[in-house]
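A.B. asks: I'll drop the sequence and a predicted model, then ask my questions.
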Amino acid sequence: MTTEASRGAEAPPELVQLLTPEGERVEHPDYDIDLTPEDIRSLYRDLVLVRRIDLEAVALQRQGELGIWASLLGQEAAQIGSGRALTDVDMAFPTYREHGVAWCRDVDPVKLLGLFRGVNHGGWDPKEHNFHLYTIVIGSQTLHAVGYAMGIQRDDASAATIAYFGDGATSQGDVNESFIWASVFNAPIVFFCQNNQWAISEPLEKQSRIPLYRRASGFGFPGIRVDGNDVFACLAVTRKALEAARTGQGPTLIEAFTYRMGAHTTTDDPTRYRVASELEAWKLKDPIERVKAYLFKNEQADQAFFDAVDGEAAQLGADLRRRCLAMPDPEPLAIFDHVYSESHALMDQERAQFAAYLEGFAK
Amino acid sequence: MTIMSLSKALNEGMRQAMEDDPKVLIMGEDVGKLGGVFRVTDGLQKDFGEDRVIDTPLAESGIIGTAIGLALRGYRPVCEIQFDGFVFPAADQIITQLAKMPMRSLGAIKLPVVVRIPCGGGIGAVEHHSESPEAYFTHTAGLRVVACSNPADAYTMIQQAIRSDDPVIFFEPKRRYWEKADIDTDSTEWWPPLHAAKVVRPGTDATLLAYGPMVKTCLEAATAAEDDGRSLEVIDLRSLNPLDEPLVLESARRTGRVVVVHEAPVNNGFGAELAARITEQCFYHLESPVLRAGGFSTPYPPSKLEEHYLPDLDRVLDAVDRAFGY
C-alpha cells in the first residue's frame, strides 16, 4: 500500500555545490565557474561586509534606533552569489531581507535602514539601481517581476529579471500565479527562492511535501537546487539561469538551500520552535568560513588581507551607525507627499487643513 | 459626430489611446479574439497584435501584479476585470501594491495602470456578477476612482484615465453598455476634466447625486418629478476620488435638499461620505438631512429579486418625498 509519505516521492534531491563547507573546490559537469583569486577575494569581502551591515542593524534595533530588522545572517552566500550574477541591465525584485543583493546593486546601506527606522517606506530610486523597493507582503513582488520581464520582451531587450522570495512564499497564490505567467509567456525571469528552512516558526514541511525546486517541472520550466551557503555555486547557477532568460529560453526556479541563522526578525524568538543543535549543525556550513578556508589553503590571501577586510567592515559598521543616527525625521506634512503623482484635491485640502492646525500651536 | 453605444465608445477610446501611445497595453481574460465578454475590446487584438492586447491566464491577482511590473518598465496597462465580483482576488495587488507603491518610492515610481471593472446589476446575472464595490476602492488612498454613465463620458474618460500617471479604477455601468449617443470624435475641446462632476439636469428644489448606472435612473426620476411640480437637479459625479466637492456643495447650498443614489448598499457606502461632507459644509443651508437611496445592506440578491433591491425611479422619488417631509 502506498503511504502518504511515499506518494510523489522521487530520487533524493541533488544539490549543486562547487565549494564544500571545508573549503574544498569540487567540480560539477553543468555548472563550472572560472574565478580568479581576485574574484574570490572580492566575493569574500562582500560576504563579510554585508554580514557586518546586518550585525550593525541588529544592534541598532536592540538599542531602539530601528523599529525592527530582518537579519540575513546565514544567507550571505545566496545573496552575494546571485546578486553578483546580475548585470547592470537586469532588474531585481527583493523581499525585505535582501540586504546583500542591495549591496551588489550599489544601494547605500543607510537607505535600507529608512524603512526599518520608520522615516520612509523605501528610500531609494529603483530605476537608479535596477533594484526594486523591498516588498513586505509575502510573494507580491514575484508578479511585478514577471510583468517587468514581459516589458523586457516587448522592448526586445536582452535583459532579465530576478525575483527573490523565501520558502514560505511558495505557498502564496501570487507566487504560483507568477510561475504560470512566466511559463506561458516564456518570460525572461529567474525565480530565486532562498529556502532558509523556516517561515518564522513554520518549518518547510508546513509549506511543501516535495523539494521546492521540483515545483518548477509542474509549471513547465527547469528547477535546480543549489547549496545556498556556497557563493561559487550560487553565482554559477544564477549566472547560467539569467543567461538562459536573456536569450529567450524562459524562466528558471533556483532553490538556494540555506539556513536562517538568526531570528525571522528582531521581534522573533526562535528558541520557542527550533532546537539549538540545528543551528550548531548549520554553523559548520557557514558561507563565509568556507571561502576563507579556500583562500587560506590555496594561498590566495594572507592574514593581512583578512585583517584589512575586517578593518573595512568595522569602519562600515561605525559609519552606518553614525549615518543612521543622523537620519532626519520627516516633516509632518510629508504624510501627504507622493500619495498621488498628479495634483489631487483631497490631498491639497487635507494638507492645508493640517498645516493650519500645526500652525495653531506655533502661535 | 458618430452614434456609438457605451461599450463601443470605450472601445474607440482605447483604440485612440493605443494609437496615440505605443506603450498602452490591454490585458485581461478573453480580451483578445473574443473581444471581452461584453465585447468592449472587440477587434483591438486583431489591429494591435497579441503583444499589446494580451489574453492573460485566468487569475486576477496575476493581471494586476504583472500590470504593475509592466508599468515599472514604462508601459501603460489597461486591465479588464471581467466582472465586479471577480475583483477581489486582485484586491491585495490593487490595495497593497498598486495604490501604495508610488508613495513608498517617495515619488520615484509612477504607476499609470487603469483597472476597468464592469459594475452594477440589472442584467439578470448569476451571483457575483452584479456588485458595486466602489467604496472599497474610494477608501484606498493612492487610487483614483471614476465611473462613467454615458457613451460620451465613456469615450473621453477612458482616454483621460489612460493618460493619468496615477492608477485609476474605472467603473463601467454594465447595464448601460448598450445605451447609444452621438459623440464628436474629431475634437477634444468639449472634453471636461476627468475629475469634474457635471450637472446633467439643472433644478432648484433638490439635488440628486449619482454616478454610473444610477445617473439615468435619476434623470428619469427628475422628469417624473417635474409632473409633481418639483424641480430636481441631477449631478453626475463621474469621479468619486477625487470628488468635485465645490460643484456638489454649491448645488446643495442652492437647493437645500440632497439625495444620494447608488446601487451599492447604503450602509458604509460612498453616499455616507457625501452626506457627511455636505452636512459639515452646508449645515445652515440644508432644509433636510442628506438622504440616501441605495441597495440594501445584504449581499446582492438572486436576479428574480434584483428589481426590488436596486433603487429605481420610485425609490428615488420616495427618498425625495422624504426629503420634503422635513
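C.D. replies: Great, that's in hand.
A.B. asks: so which elements touch the lengthiest helix in chain A?
C.D. replies: The helix of greatest length in chain A, counted in residues with DSSP state H as the criterion, is given as helix A:37-62. Helix A:37-62 makes packing contacts with helix A:76-85, helix A:99-104, helix A:109-117, helix A:231-246, helix A:287-297, helix A:303-325 when contacts are defined by 3 or more C-beta pairs under 8 Å, 6 or more residues apart in numbering or on different chains; DSSP states H and E. C-beta: built from backbone N, CA, C; applies to glycine.
A.B. asks: apply 6 Å and report the result again.
C.D. replies: If you count contacts as 3 or more C-beta pairs under 6 Å, 6 or more residues apart in numbering or on different chains; DSSP states H and E, helix A:37-62 packs onto helix A:76-85, helix A:99-104, helix A:303-325.
A.B. asks: which residues of the stretch 51-200 of chain A lie near chain B?
C.D. replies: If contacts are counted using C-beta under 6 Å from any C-beta of the partner chain, the residues of the stretch 51-200 of chain A sitting beside chain B are A:121-122, A:125, A:133, A:137, A:140, A:143-144, A:146-148, A:150-151, A:154, A:174, A:177, A:180-181.
A.B. asks: and the residue of the stretch 51-200 of chain B found nearest chain A, what element?
C.D. replies: Sorted by distance to chain A under C-beta to the nearest C-beta, the residues of the stretch 51-200 of chain B start with residue B:69, at 2.1 Å. With elements taken from DSSP states H and E, the one containing residue B:69 is helix B:60-72.
A.B. asks: quick one: average confidence on the very next helix or strand once past that helix?
C.D. replies: Downstream of helix B:60-72, the next assigned helix or strand under DSSP H and E is strand B:76-80. In this model, strand B:76-80 has a mean pLDDT of 98.
A.B. asks: and strand B:76-80, how far from the chain's centre?
C.D. replies: In terms of C-alpha atoms, centre = their mean, to the nearest Å, the centre of strand B:76-80 is set 16 Å apart from its chain centre.
A.B. asks: what of stretch B:49-58?
C.D. replies: In terms of C-alpha atoms, centre = their mean, the gap separating the centre of stretch B:49-58 from the centre of its chain is 24 Å.
A.B. asks: go on, stretch B:92-107?
C.D. replies: Taking C-alpha atoms, centre = their mean, one finds stretch B:92-107 lying 21 Å from the centre of the chain it belongs to.
A.B. asks: ranges for the helices of the stretch 151-300 of chain A?
C.D. replies: In the stretch 151-300 of chain A, the segments counted as helices under DSSP state H, counting those that start in this stretch are A:173-185, A:215-219, A:231-246, A:276-283, A:287-297.
A.B. asks: with mean neighbour count as extra columns, can I get these in a markdown table?
C.D. replies: What follows is the helices of the stretch 151-300 of chain A, written out as a markdown table (neighbours: other C-beta atoms under 10 Å in any protein chain shown):
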| stretch | mean neighbour count |
| --- | --- |
| helix A:173-185 | 23 |
| helix A:215-219 | 16 |
| helix A:231-246 | 24 |
| helix A:276-283 | 12 |
| helix A:287-297 | 20 |
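A.B. asks: other residues contacting stretch A:153-169?
C.D. replies: The set of residues external to stretch A:153-169 that reach it, using C-beta atoms under 6 Å, 6 or more residues apart in numbering or on different chains, is A:89-95, A:98, A:138-139, A:142, A:145, A:148-149, A:152, A:175, A:188-195, A:199, A:204, A:207, A:242, A:245-246, B:51.
A.B. asks: first to last residue in it, what's the distance?
C.D. replies: Start to finish, the residues bounding stretch A:153-169 are 26 Å apart (C-alpha to C-alpha, to the nearest Å).
A.B. asks: contact partners for residue 224?
C.D. replies: Using chain A. Residues near residue A:224 by C-beta under 6 Å, 6+ apart: A:213, A:237, A:254.
A.B. asks: chain B, not that one
C.D. replies: The contact partners of residue B:224, by C-beta under 6 Å, 6+ apart, come to residue B:313.
A.B. asks: dump the C-alpha coordinates for the helix holding residue B:69 into CSV.
C.D. replies: As requested, C-alpha coordinates have been extracted for helix B:60-72 and formatted as CSV (Å, rounded to 0.1, in the frame of the first residue of the first chain):
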residue,chain,number,x,y,z
GLU,B,60,-7.0,38.4,-11.4
SER,B,61,-4.1,38.9,-8.9
GLY,B,62,-1.8,38.0,-11.7
ILE,B,63,-3.4,40.5,-14.1
ILE,B,64,-2.8,43.4,-11.7
GLY,B,65,0.5,42.2,-10.4
THR,B,66,2.0,41.8,-13.8
ALA,B,67,0.4,45.1,-14.9
ILE,B,68,2.4,46.8,-12.1
GLY,B,69,5.6,45.2,-13.4
LEU,B,70,4.8,46.3,-16.9
ALA,B,71,4.2,49.9,-15.6
LEU,B,72,7.5,49.8,-13.8
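A.B. asks: dump the helices of the stretch 151-300 of chain A into TSV; add distance to residue B:218 and mean pLDDT as well.
C.D. replies: Formatted as TSV, these follow (distance: least, C-beta to C-beta, whole Å; pLDDT from 0 to 100):
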stretch	distance to residue B:218	mean pLDDT
helix A:173-185	40	98
helix A:215-219	50	97
helix A:231-246	54	98
helix A:276-283	67	95
helix A:287-297	67	98
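A.B. asks: between those helices, which one is nearest to residue B:10?
C.D. replies: When those are ranked by proximity to residue B:10, the top entry is helix A:173-185, at 25.6 Å, counting by C-beta to C-beta.
A.B. asks: still on that earlier bit, among the helices of the stretch 151-300 of chain A, which is nearest residue B:150?
C.D. replies: Minimum separation from residue B:150 across the helices of the stretch 151-300 of chain A (C-beta to C-beta) falls at helix A:173-185, 35.8 Å.
A.B. asks: quick one: residue A:119 is in a helix?
C.D. replies: No. Residue A:119: not assigned to a helix; according to DSSP: H, G, I helix; E, B strand; the rest coil it is coil.
A.B. asks: the nearest residue to residue A:321 once chain neighbours are set aside and residue A:319: what is the separation?
C.D. replies: Once its chain neighbours are removed from consideration, residue A:321 has its nearest residue in residue A:56; the separation is 5.8 Å (C-beta to C-beta, 6 or more residues apart in numbering or on different chains). To residue A:319, residue A:56 is 9 Å away according to C-beta to C-beta, to the nearest Å.
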